[in-house]
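[1] Could you look at this predicted model? Sequence included:
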Amino acid sequence: MSLINETIGSLRGPFFVSRGFQAADQSVIVVARLNVAQGHLMQIEDIVDMATYPIADAGFAATCNTKLDADGVLVLPDFIQAKALADIQAEAVAKQDQAYFCAQDHSVYLTPDNPAFGADHPANRKVTSSKGCICDDVIAGNSPLRALYDDVAFRRFVARTTGQAGLYPYADNLSSINIHYAKRGQELGWHFDNSSFAITLLIQKPAAGSRFEYIKDLRDADAGDLNYTGVAALLDGATQPDVLAMDPGTLVLFRGRNSIHRVSPNESDITRMLAVLAYNAEPDVSLSESARMTFYGRLD
Ligand SMILES: O=C(O)CCC(=O)C(=O)O
Ligand SMILES: [Fe+2]
């Protein structure tokens with residue numbers, strides 16, 4: 001299995017309880033998929049603050065690689081320029097009624113129940129994740145998000161920073177660029193990602209709540225160390241996590257495979273909006289049908 005599998009960039013796993021519902025009529029989504037590019041396509045120089053973040057520079061990427069390896073996370077504030085961010089925000093707001101909302105109860109490991117343990121065991125304890133999502137085919141052809149995602153220099157920067165030889169879009173038409181929505185009360189429960197890294201861009205920040213909380217290297221998946229004791233201490237409130245501050249326009253690269261993390265419930269009436277840019281280590285990879293049905297409510 002490659003380092004980056006179909007789960008890259010998002011909380012995608014084999015959940016037991018899945019409660020999906022459509023925010024809007026299905027036909028709205030079909031119409032939105034026409035996705036015709038209109039107007040001006042922004043250049044990468046107009047999207048990324050290249051003066052602060054020279055992404056085409058191999059030395060800069062090497063610095064980012066060192067920081068990501070050391071900290072498990074790389075936070076780039078004001079990565080996106082104001083005009084491009086305003087366009088991204090406008091698109092996210094305009095399309096939020098097309099989001100597919102779903103909720104899952106899952107373990108922090110995103111694995112099925114282990115019958116060797118009881119329901120209270122950290123392997124089996126459930127947390128809840130609830131959010132809305134719009135898919136790649138709803139994002140406009142001329143969206144700055146797509147220009148960023150497709151940009152050769154940006155992709156090479158991400159590959160160098162994460163140590164990947166190459167990065168490829170999803171073969172299916174839903175999974176590459178997603179926008180997540182969390183309304184009041186919605187949250188992502190504690191979990192370890194299946195993927196080696198995730199790229200997110202905060203688009204809109206709630207007035208309260210929606211804190212990104214994490215504990216670096218709480219487990220060592222490759223060594224088979226699941227650290228049930230450490231997970232139980234966190235779930236019981238005996239351990240305090242770190243909080244990652246981010247504002248709209250901040251690009252975050254996060255290694256979530258061993259660093260447990262969550263997004264606390266939104267405590268405001270301002271919806272949290274966040275773009276997830278997902279790549280694969282190999283071409284022609286689709287997100288599994290079960291994951292697409294769970295998170296998008298459709299296959300194409
Ligand atoms: O919403 C976020 O900031 C993090 C998302 C996340 O952890 C995930 O999708 O796995
Ligand atoms: Fe995650």
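    Thanks, I have the structure now. Here the structure is a predicted model, which means the values were calculated and not measured. Ligands and ions are numbered 1, 2, ... in the order given.
[2] Close to ligand 2: what parts of the stretch 201-300 of the chain are there?
    Neighbours of ligand 2 within the stretch 201-300 of the chain, by Cβ under 5 Å from the ion: residue 256. For every residue, glycine as well, the C-beta is placed using N, CA and C.
[3] In the stretch 201-300 of the chain, what residue spans correspond to strands?
    212-215, 242-244, 251-254, 260-263, 272-277 (DSSP state E, counting those that start in this stretch).
[4] Note down every partner strand of the third one and its orientation.
    Spelled out, that is strand 251-254. If you go by DSSP bridges, strand 251-254 pairs up with strand 73-76 (antiparallel), strand 198-204 (antiparallel).
[5] got it, and the first one?
    Taking DSSP bridges as the criterion, strand 212-215 sits next to strand 242-244 (antiparallel), strand 260-263 (antiparallel) in its sheet.
[6] related to what we said a few turns ago, pick the most buried one from the strands paired with strand 251-254.
    strand 198-204 (a mean of 22; mean count of other Cβ atoms under 10 Å).
[7] gap between that strand and the chain center?
    7 Å (Cα atoms, centre = their mean, to the nearest Å).
[8] got the residues of this structure near ligand 1?
    Contacts of the chain with ligand 1, taken as Cβ under 6 Å from any ligand atom, map to 10, 11, 180, 188, 193, 198, 200, 212, 256, 261, 263, 274.
[9] rewinding a little: between the strands paired with strand 251-254, which gets nearest to residue 230?
    Residue 230 lies closest to strand 73-76 among these, at 18.5 Å (Cβ to Cβ).
[10] Now that closest one: average pLDDT?
    On average, the pLDDT along strand 73-76 is 98.
[11] Provide the angle between the direction of the helix or strand just after that strand and the direction of strand 272-277.
    Downstream of strand 73-76, the first helix or strand assigned by DSSP states H and E is helix 82-94. When axes from the mean of the first three to the mean of the last three Cα atoms, to 10 degrees is applied, the directions of helix 82-94 and strand 272-277 differ by 110 degrees.
[12] strands paired with whatever helix or strand comes next after helix 82-94, and their directions?
    Per DSSP H and E, the first helix or strand lying C-terminal to helix 82-94 is strand 100-106. Sheet partners assigned to strand 100-106 using DSSP bridges are listed as strand 17-22 (antiparallel), strand 127-134 (antiparallel).
[13] and strand 100-106, how far out from the chain's middle?
    Put simply, strand 100-106 sits 15 Å off its chain's centre (Cα atoms, centre = their mean).
[14] how near is the residue nearest to residue 85 when sequence neighbours are not counted to residue 229?
    The shortest distance from residue 85 to any residue other than its chain neighbours is 4.7 Å, reached at residue 249 (Cβ to Cβ, 6 or more residues apart in numbering). Separation of residue 249 from residue 229 (Cβ to Cβ, to the nearest Å) stands at 39 Å.
[15] For the residue in the stretch 101-250 of the chain positioned nearest to ligand 2, the count of nearby residues, please.
    When scored by Cβ to the ion, the stretch 101-250 of the chain has residue 193 as its residue closest to ligand 2, at 4.3 Å. Here the count is done by other Cβ atoms under 10 Å, and residue 193 has 24 residues near it.
[16] Helix or strand: which one has the residue of the chain most remote from its centre?
    Distance from the C-alpha centroid of the chain, by Cα atoms, centre = their mean, peaks at residue 116 (31.7 Å). Assigning secondary structure by DSSP H and E places residue 116 outside every helix and strand.
[17] burial count for the closest residue to residue 262 other than its chain neighbours?
    Closest residue to residue 262 apart from its sequence neighbours, by Cβ to Cβ, 6+ apart: residue 190 at 4.5 Å. By other Cβ under 10 Å, 24 other residues sit near residue 190.
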